[in-house]
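Student: Fold the stuff below for me.
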Amino acid sequence: MIATNSVAPELAGLRKIQEILQSSGPCITIVLPPYHPGEPAKSRAALLKANLQEASRQLAHLGFPKAAIGDLLAPLEHLAHDADSITGSHWSRAIFRSQNVFAQFQLTLPAKASLTVAGCFEIRHLLPDLWAPRVFYILALTNKSVRLFRCNYQRAEAVDLPAGVPATLEEALELERPDHDLENRSAIGTSTGSMHAIRFGTGSGPEAEPAHLADFYKLVDRGIHKLLHEPGIPLLLAGVEEELDAYRAISTYPGIVKLALRGSPNLSFQDADTVSQACSILRADEFRRDAETLTQAKERSAPGHFSTDANAILHAAFEGRVHQMYLDETAERIDVFERGTYRSWGKEDLLNLAAVETILHGGRAFELPSDMMAEGASAFAIMRF
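Tutor: Residues are numbered from 1 along each chain as shown. From the prediction side, this is the model:
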């Protein structure tokens with residue numbers, strides 16, 4: 001396998017993770033939590049140095065040659081003394097190191113500091129990121145204007161609506177003035193295809209405002225359809241409840257996230273805390289959808305094609321029989337395991353190992369909150385056969 005020598009953290013991609021997971025042990029996984037300079041918690045550099053000391057101790061205890069320990073940890077020692085690459089960040093980071101792998105991944109959800117020395121990498125923190133869309137959009141709403149942002153889980157950048165789509169209610173009302181019938185008709189751009197005109201009544205006063213706002217939001221919704229034409233792109237709404245409800249009532253875009261970023265419509269989406277909050281909301285909605293998928297899959301599967309027996313699931317994963325597996329995010333099964341050429345280096349989380357083997361064999365592994373797991377199981381697997 002080609003060694004991965006990247007030191008710049010990136011978002012986890014399925015193909016790269018599958019390549020890395022082929023590495024033989026010992027495999028070191030270090031998770032560094034978010035850190036803001038000036039916080040009372042240990043700095044990332046201090047945490048990493050402490051983890052390296054512990055990793056060295058564990059490897060020596062497991063009989064790994066002393067010279068090989070030095071070679072294995074050398075890139076991590078260099079990283080620990082590189083102030084620029086280990087500085088504070090709003091994002092957690094997972095670091096993978098084996099004899100032929102050195103890679104870092106940014107996590108889109110906060111994670112606690114941890115160190116794992118095992119026969120495979122600890123990937124449970126990465127599972128939500130493997131199946132998530134690479135980007136999502138945020139639509140910030142008020143009763144007078146909208147703003148659209150493209151988010152890649154690290155930052156949000158303002159995006160223009162398609163040509164001809166008004167960004168404010170005032171622009172929408174000025175697209176066409178009434179002629180004879182006390183109505184305005186406005187269209188999206190100069191070429192709208194099957195998009196029909198939206199009528200704006202010319203009434204005045206508070207009684208006309210809801211109709212004007214609905215017409216404005218219809219134009220925006222049609223612009224969203226035009227811009228986000230690829231399937232599966234999530235759209236997260238942001239704003240106060242009244243505007244959120246008004247937009248949902250008229251929108252036909254299928255990718256609207258059920259949960260929303262509620263609060264001031266003047267939030268700064270260049271602020272890392274706001275982006276982190278948006279990512280957490282999106283992830284919570286993905287948990288909900290994954291739980292629904294689990295329930296549906298269980299109902300459709302024949303009795304012999306699903307299991308909640310963690311030991312049976314682990315062996316089925318090695319055999320390539322697991323199509324989908326779901327793990328309780330709080331559950332662990334710590335033990336040693338040997339099968340074929342696989343060897344645990346000390347005790348490890350066998351639920352993580354089952355997830356690794358599932359992914360290596362082309363299956364999908366997910367984590368869910370405890371209250372979303374079917375039958376209260378620590379693990380649930382849908383079998384191919």
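Student: Could you say which helix or strand holds I313?
Tutor: Secondary structure from DSSP states H and E places I313 in helix 310-318.
Student: Tell me which residues touch the residue nearest the centre of the chain, please.
Tutor: Closest to where the C-alpha atoms of the chain average out (Cα atoms, centre = their mean) is D129, at 4.1 Å. With contact taken as Cβ atoms under 8 Å, 6 or more residues apart in numbering, D129 is in contact with 11-12, 105, 107-108, 153. Where you see a C-beta, it was placed from the backbone N, CA and C, and this is true even at glycine.
Student: at 7 Å instead, please
Tutor: By Cβ atoms under 7 Å, 6 or more residues apart in numbering, D129 lies in contact with 11-12, 107-108.
Student: Same list (those residues) but as a markdown table, adding secondary structure and neighbour count.
Tutor: What follows is these, written out as a markdown table (DSSP: H, G, I helix; E, B strand; the rest coil; neighbours: other Cβ atoms under 10 Å):
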| residue | secondary structure | neighbour count |
| --- | --- | --- |
| L11 | strand | 18 |
| A12 | coil | 22 |
| L107 | strand | 23 |
| T108 | coil | 24 |
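Student: List just the nearest of these to A140.
Tutor: Nearest to A140 among these, counting by Cβ to Cβ, is T108 at 20.2 Å.
Student: if I look at that closest one, how far off is R222?
Tutor: Distance, T108 to R222, by Cβ to Cβ, to the nearest Å: 30 Å.
Student: can you pull the buried residues of the helix holding I313?
Tutor: Within helix 310-318, the residues scored as buried using 16 or more other Cβ atoms under 10 Å are 310, 313-314, 316-318.
Student: quick one on the thing from earlier: pick the one among the contacts of D129 closest to E171.
Tutor: Of the contacts of D129, the one sitting nearest to E171 (Cβ to Cβ) turns out to be T108, at 34.7 Å.
Student: so that closest one sits right up against A278, yeah?
Tutor: No. Counting by Cβ atoms under 7 Å, T108 stays clear of A278, with 10.2 Å between them.
Student: Which strands and helices lie in contact with the helix or strand encompassing A74?
Tutor: For A74, the host element (DSSP H and E) is helix 66-80. Secondary structure elements in contact with helix 66-80, counted by 3 or more Cβ pairs under 7 Å, 6 or more residues apart in numbering; DSSP states H and E, are helix 44-61, strand 92-98.
Student: nearest residue to L141 other than its sequence neighbours?
Tutor: Spatial nearest neighbour of L141, excluding adjacent residues (Cβ to Cβ, 6 or more residues apart in numbering): G239 at 3.9 Å.
Student: which stretches of the stretch 101-250 of the chain aren't confidently modelled?
Tutor: By pLDDT under 70, the low-scoring segments of the stretch 101-250 of the chain are 175-209.
Student: 90 - rerun?
Tutor: By pLDDT under 90, the low-scoring segments of the stretch 101-250 of the chain are 106-111, 125, 128-129, 131-134, 143, 152-156, 164, 172-212, 229-232.
Student: What ranges does it have for its strands?
Tutor: Assigned by DSSP state E, counting those that start in this stretch, the strands in the stretch 101-250 of the chain fall at 101-107, 114-118, 136-141, 146-151, 156-159, 183-186, 198-201, 235-239.
Student: What separation is there between L294 and Y153?
Tutor: Counting by Cβ to Cβ - L294 and Y153 are separated by 24 Å.
Student: Need the pLDDT of the residue lying closest to V336 once chain neighbours are set aside.
Tutor: Spatial nearest neighbour of V336, excluding adjacent residues (Cβ to Cβ, 6+ apart): S344 at 4.2 Å. Looking at S344, its pLDDT is 96.
Student: And K49, by the same measure?
Tutor: Listed pLDDT for K49 reads 93.
Student: Could you do R289 as well?
Tutor: For R289, the predicted pLDDT is 89.
Student: element containing it?
Tutor: helix 272-300.
Student: domain ranges for the protein?
Tutor: Per automatic domain parsing, the structural domains of the chain span 1-131, 136-289, 301-385.
Student: Return the distance of the first one from the chain's centre.
Tutor: Averaging C-alpha coordinates over domain 1-131 and over its chain gives two centres that are 19 Å apart (Cα atoms, centre = their mean, to the nearest Å).
Student: Likewise for the last one?
Tutor: The offset between the C-alpha centroid of domain 301-385 and the centroid of the whole chain comes to 21 Å, using Cα atoms, centre = their mean.
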